[in-house]
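J.: After the sequence you'll find the predicted model.
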Amino acid sequence: MKNLLSASELDRDAAIEILDIAEGMAEVNDREIKKLPTLRGKTVVNLFFEDSTRTRISFELAEKRLSADVINFTAKGSSVSKGESLKDTAQTLEAMGADAVVIRHPASGAAAVLANSGWIQGSIINAGDGTHEHPTQALLDAFTMRKRIHGANSKGKALDGVKVAIVGDILHSRVARSNLLLLRTLGAEIHFVAPPTLVPSNTQTMDAKFHYSLDETLRVEQPDVVMMLRIQTERMNASYFPTEREYARHWGFNAQRLSKLKESAILMHPGPMNRGLEIDAASADSKQSTVLEQVANGVSIRMAVLYTLLSGERNNNES
Amino acid sequence: MKASFVLKNATLADGSKVDISVVGDRIKEIGSNLSADELVDCTGLIALPGFVDLHTHLREPGFEQSETVLTGTQAAAMGGFTAVHAMANTMPVADTAGVVEQVAALGKEAGYTDVYPIGAVTVGLEGKQMAELGAMANSKAKVRVFSDDGKCVHDPVLMRRALEYVKAFGGVIAQHAQEPRLTEGAQMNEGAVSAELGLTGWPAVAEESIIARDVLLAEHVDSRIHICHLSTAGSVDIIRWAKARGIKVTAEVTPHHLLLTDELARTYDSVYKVNPPLRTQKDVEALRAALIDGTIDIIATDHAPHPIEAKDCEWSAAAFGMLGLEIAASVAQEVLIESGKSSWKRLTEVLSLNPAEIGGDSEQGKAIQVGAIANIALINPVAKRKVVADTASKSKNSPYIGLELPGQVVHTIYRGFFTVKDGKLAKAGRN
């Protein structure tokens, strides 16, 4: 495996393997000296065309813990604004000898274009492309679920039969798309809950059940996992829903809804949260919330992905 | 007068085999055993009236890095065309008599096809104020087709006035049907594939709602209207309904909407990015059926050249549009002939007779007959060709590269002059 562009590229065995490697990485993260020499001499570029401090520092930490040389390249705006084009940026990084590029870009498919263009030889890791995918987020979410469900016996396990409700802006969410693909591969059952305006108009190829009512979904489906999606500010004034208050009333998570969850259920959010909109403080800070575990697990997962892609490349070169 | 040349043993659309003698720019005689100094063996070749494209982007003036009138008409000649209608979205926009006369003059100078400039409906394509349509109609370019193509004439009052106004000189409005608010930021067909790819959808209703409005407007003011690049099954239904009702509407379909679907967007290769977008297989089938049954009148290429840098980038940053002039006849053959569902006669109508009639081109789109101007495309119908990147166009944004298509234009005769002979472009045009 050279690139990670989409969660659809991972079959069940490959996904479980990455989750298992991340278990090992999590152990490293608990040590006093949190560092492995695995990627010594490798150069990893974090190429961010979109603000995302959280994702960038998560990758940066993962890269540094694997002893890679790390370069952060932040280029706001894309070739649309006629700054430097994606092609020129990629070719520049290639000339500098990047072994891997972690790309975050506002255009859907940007990571795929980079990987298929021939502009660059290194591995490409999609750290979020527009409203398309965010595969490492799905991996860290799966890892978090598995850890909560199976605890210390997580290794080798999948998520068969786990009921996951993903709530919010499905139409524009790369987190929802990647989670759908990966969690289905791991055997989970997906329920999307959203206002009708925030669901794609044609969902025939999406292997999920769709619901409009959060309360009914919680009552009828009794999900094991509820994942709240962030509502982007630009949706708020575009007639997707009348007001923030109405959204929060119907699709926001709150203490009253928390009380309806079964005790073992967990509440997830990819961050950053709009407290009071899609999630209230009581829920976000509850013991069922995994928000901070997700952040910690993100580092382990990204270490596992970098290890899988870059040490694989090393093996290929030797063989 | 002695014949300039004779096309020996050519097959006409009705299947008959004839010799065609050409003197000067006219067809002098059709028969057998005709002779001349120059005999061109056309055994196995089908002779059709030269093709007429009602929808070409020649890009000049203003975007000469993409295409010029010369290179665009050379590509047209390679595709069997003897006339093209040049869209108005140049820089400056073809919204004055000066610009349309310049484009017409460049066409004449190039000498590869007739070039009929299309005038903009509104000043600067901005949809606010009607351009001087009368001045363009009365100019040396004699403009009869008006379009803001690339943009929709969205204001219903302005559209109504334009439909009425062009009756004064027998003009027609060619509408690019796209409701602008429903397509803000749109990147591809709104459907199952866009849902997966996370690309902003261009819903079918944005096209269909404008077509529905405009056929009703045309009916109300008793004007003629032409709809550019139909792309959805729903649009076909509306046109069929409008024609049954007696509304004077004509419609075109592009080669790419007859052949390609939105599944290709999965590659994120922006060579497949076009406006209106590639739709679903169901739409392709509806468009093909409509072309065969006459609901759709013509194939028009929407040939839209772009330089490499406009496509060599992420999908949402890429320009809309694809080449089409050199493969249009092959796609027509695939849809009408190879399918076994239609005929060379129909192919002649959709690529030559009907577009010339809609555009008011009196010297184009005439059946091959004695006395007609010698605009002739000769096609080898049994050839199979794999489309290659090499093209007479200045741009390379062809979505067909690597596909195998039937038929090959062997000769193109434009006003008695071989612009293409044995598949090779003439080094200079007809002057």
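T.: Great, that's in hand. Numbers count the residues shown, from 1 in each chain, chains lettered A, B, ... in the order given.
J.: what separates residue B:388 from residue A:60, distance-wise?
T.: 46 Å (C-beta to C-beta, to the nearest Å). Every C-beta, even on glycine, is put in place using the N, C-alpha and C of the backbone.
J.: That should have said residue B:188, apologies.
T.: For residue B:188 relative to residue A:60 (C-beta to C-beta), the value is 34 Å.
J.: Give me the more crowded residue out of these two.
T.: More crowded of residue B:188 and residue A:60, by other C-beta atoms under 10 Å in any protein chain shown: residue B:188, with 25 against 19.
J.: what secondary structure does residue A:192 sit in?
T.: strand (DSSP: H, G, I helix; E, B strand; the rest coil).
J.: where does residue B:176 fall, phi/psi-wise?
T.: Backbone torsions of residue B:176, given as degrees, to the nearest 10, read phi -90, psi 100.
J.: next one: stretch A:244-263 to chain centre, how far?
T.: Between the centre of stretch A:244-263 and the centre of its chain there are 23 Å (C-alpha atoms, centre = their mean, to the nearest Å).
J.: Get me the contact residues on the stretch 251-400 of chain B for chain A.
T.: Taking C-beta under 8 Å from any C-beta of the partner chain, the part of the stretch 251-400 of chain B that reaches chain A is made up of B:267, B:268, B:269, B:309, B:312, B:313, B:314, B:315, B:316, B:317.
J.: Helices of the stretch 151-300 of chain B, start to end?
T.: B:156-165, B:192-197, B:204-221, B:233-244, B:255-259, B:281-293 (DSSP state H, counting those that start in this stretch).
J.: Just name the most buried of these.
T.: Most buried of those, by mean neighbour count (mean count of other C-beta atoms under 10 Å in any protein chain shown): helix B:255-259, with a mean of 25.
J.: what does that helix rub up against?
T.: B:229-231, B:274, B:276, B:278-279, B:283-284, B:287-288, B:291, B:299, B:301-302, B:322, B:324, B:327-328, B:331-332, B:334-335, B:399-400 (C-beta atoms under 8 Å, 6 or more residues apart in numbering or on different chains).
J.: Now list the buried members of those.
T.: B:229-231, B:274, B:276, B:278-279, B:283-284, B:287-288, B:291, B:299, B:301-302, B:322, B:324, B:327-328, B:331-332, B:334-335, B:399-400 (16 or more other C-beta atoms under 10 Å in any protein chain shown).
J.: helix or strand right after the worst-scoring helix or strand of chain B on mean pLDDT?
T.: Ranking every helix and strand in chain B by mean pLDDT, DSSP states H and E puts helix B:308-311 at the bottom, with a mean of 94. Using DSSP states H and E, the next helix or strand after helix B:308-311 towards the C-terminus is helix B:328-332.
J.: what's in contact with that next one?
T.: B:51, B:53, B:79-81, B:255-256, B:258-259, B:299, B:301, B:347, B:350-351, B:377, B:379, B:385, B:405-409.
J.: hang on, residue A:208 packs against residue A:188?
T.: No. Contact criterion C-beta atoms under 8 Å: residue A:208 and residue A:188 do not qualify, at 10.2 Å.
J.: Correct me if wrong: residue B:393 contacts residue B:67.
T.: Yes. If you go by C-beta under 8 Å, residue B:393 and residue B:67 touch, sitting 6.1 Å apart.
J.: shared neighbours of those two, anything?
T.: Shared contacts of residue B:393 and residue B:67, counting by C-beta under 8 Å, 6+ apart, come down to B:75, B:305.
J.: what ranges do the helices span in the stretch 51-200 of chain A?
T.: Under DSSP H, counting those that start in this stretch, the stretch 51-200 of chain A gives helices at A:53-65, A:86-95, A:110-116, A:135-150, A:174-185.
J.: Take those and write them to TSV, including distance to chain B and mean pLDDT.
T.: Formatted as TSV, the helices of the stretch 51-200 of chain A follow (distance: least, C-beta to the nearest C-beta, whole Å; pLDDT from 0 to 100):
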stretch	distance to chain B	mean pLDDT
helix A:53-65	17	96
helix A:86-95	6	90
helix A:110-116	4	96
helix A:135-150	13	98
helix A:174-185	6	98
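J.: neighbours of residue B:107, just the number please.
T.: Residue B:107 - counted by other C-beta under 10 Å - has 26 other residues nearby.
J.: Look up which residues are beta-bridged to the closest residue to it other than its chain neighbours.
T.: Nearest residue to residue B:107 in three dimensions, chain neighbours excluded: residue B:115, at 2.5 Å (C-beta to C-beta, 6 or more residues apart in numbering or on different chains). With DSSP bridges as the criterion, residue B:115 is bridged to residue B:84.
J.: Kindly report the same for residue B:404.
T.: Beta-bridge pairing of residue B:404 under DSSP bridges involves residue B:386.
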